[in-house]
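Novice: below is the structure, and that's it, no one-letter string:
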């Protein structure tokens, strides 16, 4: 069984992510240690809250995360965890991210209520990506966020979601996957996505 | 497209689910953990557990129920009732809730919303507001308050605390705006006039709050049939509707309500 490690950024309901992984028949360990990150077979970076707080909390781990991911270790970013993977965020100033994916985090347009909160649908653009296996287009998933990612490389977008703007709700580059929504709170569809990640790790 | 959420609410007392009629008479409707997974299966978009006993002695019962319920759920889970301070919030979130709702404590100490949202994030802090209409004969009686015309007459909305037992004289529309400024990520609006009556939600109030704040508004209290829920979305401009009795006693399933809404042009997750 692969060793999946959930990186604790000190914010949010991490137990629910762990529970979601357990539902796929795997075990996930929660950690704040670089050593655990280096020993893992795969990483999950969840998170809610402010970009600045989260990036500061994981600062001591950022080298370990970047090095492991750059050398091929699968990673799933969730919500703020997706945003942390990018080059920089404009939330509350300008903060550098992990730069695992190239691009910028920007605020949702104020034409609709922000945060974008609730169930919204996925428009798949990369149907063959392993993370969306058996996930039908227009499936509903649960979002809570005020910012979104603008990947530099459009080819990294797996799914889009419409909330005043079509934003990237699933991104992927090789062994790196990330969702702007919360798969662990998205019922059966979300559990399928977690299972797809686990299956990818086991491949 | 973002859908409107249907949220069943479990009103819990001493570890058992009950549903209140105007917050006073109660009838037993079952085991919270069992009901929670049933609602998840039926297609609930979120679940609310409200501890209406909310006494200090029952705190451990609540935390145990929260923990056991959270284990079964893969949809957002909100817990409210008797939350007094950051420690209470931390314990409930730690036991698996995604959001907490605060009412009395936030009215008495608004700073709690600010501190809680800074510590745990706005997305998990819901400001729950119980309101009662104060009808007017003469507008002078309500200086400084938001007075509106309703089908029942001119009124303003008074904030009530302690489970609907105590009037505060605070204008509810202004309080909702302040709660959002302090960091509340959602507003949950319950009406003492409409609660348990199955006559529909207080749509004038809902609409006004929804237009004045930039966060989602959850309509609560008063649903007797799917049309009432439809009205909360179309007339009341709510983002989510909470209901208890119509689901508990099997009058309607969540799916039936959602199919009705969908037929009437409201986007829902089916």
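Specialist: It's in. Owing to the predicted nature of the structure, the values given are computational and were not obtained by experimental measurement.

Novice: from now on I want contacts and neighbour counts done on CA atoms only, so please keep to that.
Specialist: Noted.

Novice: pLDDT averaged over stretch A:145-153 - what is it?
Specialist: Per-residue pLDDT over stretch A:145-153 has a mean of 95.

Novice: tell me the buried residues in stretch A:96-113?
Specialist: The neighbour-count check on stretch A:96-113 (16 or more other CA atoms under 10 Å in any protein chain shown) flags A:96, A:97, A:98, A:100, A:101, A:102, A:103, A:104, A:105, A:106, A:108, A:113 as buried.

Novice: briefly note if that stretch comes near chain B.
Specialist: Yes. Shown here: stretch A:96-113 in contact with chain B (CA under 8 Å from any CA of the partner chain) through residue A:113.

Novice: up against chain A, what does the stretch 101-250 of chain B have?
Specialist: By CA under 8 Å from any CA, the part of the stretch 101-250 of chain B that sits against chain A consists of B:120, B:121, B:122, B:123, B:185, B:214, B:215, B:216.

Novice: so what's the closest residue to the last one other than its chain neighbours up against?
Specialist: It refers to residue B:216. Spatial nearest neighbour of residue B:216, chain neighbours left out: residue B:186 (5.1 Å); criterion: CA to CA, 6 or more residues apart in numbering or on different chains. Contact partners of residue B:186, counting by CA atoms under 8 Å, 6 or more residues apart in numbering or on different chains, are B:123, B:125, B:126, B:127, B:180, B:215, B:216, B:217, B:218.

Novice: what about stretch A:82-95, distance to the chain center?
Specialist: Between the centre of stretch A:82-95 and the centre of its chain there are 14 Å (CA atoms, centre = their mean, to the nearest Å).

Novice: before we move on, back to that, pick out whichever of the buried residues of stretch A:96-113 sits closest to chain B.
Specialist: Within the buried residues of stretch A:96-113, proximity to chain B (CA to the nearest CA) peaks at residue A:113, which comes in at 5.1 Å.

Novice: where does the closest one land on pLDDT?
Specialist: 88.

Novice: so which helix or strand takes in the residue lying closest to it once chain neighbours are set aside?
Specialist: Nearest residue to residue A:113 in three dimensions, chain neighbours excluded: residue B:214, at 5.1 Å (CA to CA, 6+ apart). Assessed by DSSP states H and E, residue B:214 sits outside every helix and strand.

Novice: what number of residues lie near residue B:214?
Specialist: 19 (other CA atoms under 10 Å in any protein chain shown).

Novice: repeat that for residue A:185.
Specialist: Neighbour tally, residue A:185, other CA under 10 Å: 25.

Novice: that one reaches residue B:74, doesn't it?
Specialist: Yes. Between residue A:185 and residue B:74 there is a contact under CA atoms under 8 Å: 4.7 Å.

Novice: just confirm residue B:83 is within a strand.
Specialist: No. Counting by DSSP: H, G, I helix; E, B strand; the rest coil, residue B:83 is not found in a strand; it is coil.

Novice: per-residue pLDDT, the residue nearest to residue A:113?
Specialist: For residue B:214, the model assigns a pLDDT of 92.

Novice: how far away is it from residue A:145?
Specialist: 13 Å (CA to CA, to the nearest Å).

Novice: any residues in contact with both of the two?
Specialist: residue A:114.

Novice: sorry, back to before: check pLDDT for the contacts of residue B:186 and point me to the minimum.
Specialist: Scoring the contacts of residue B:186 by pLDDT puts residue B:123 last, at 87.
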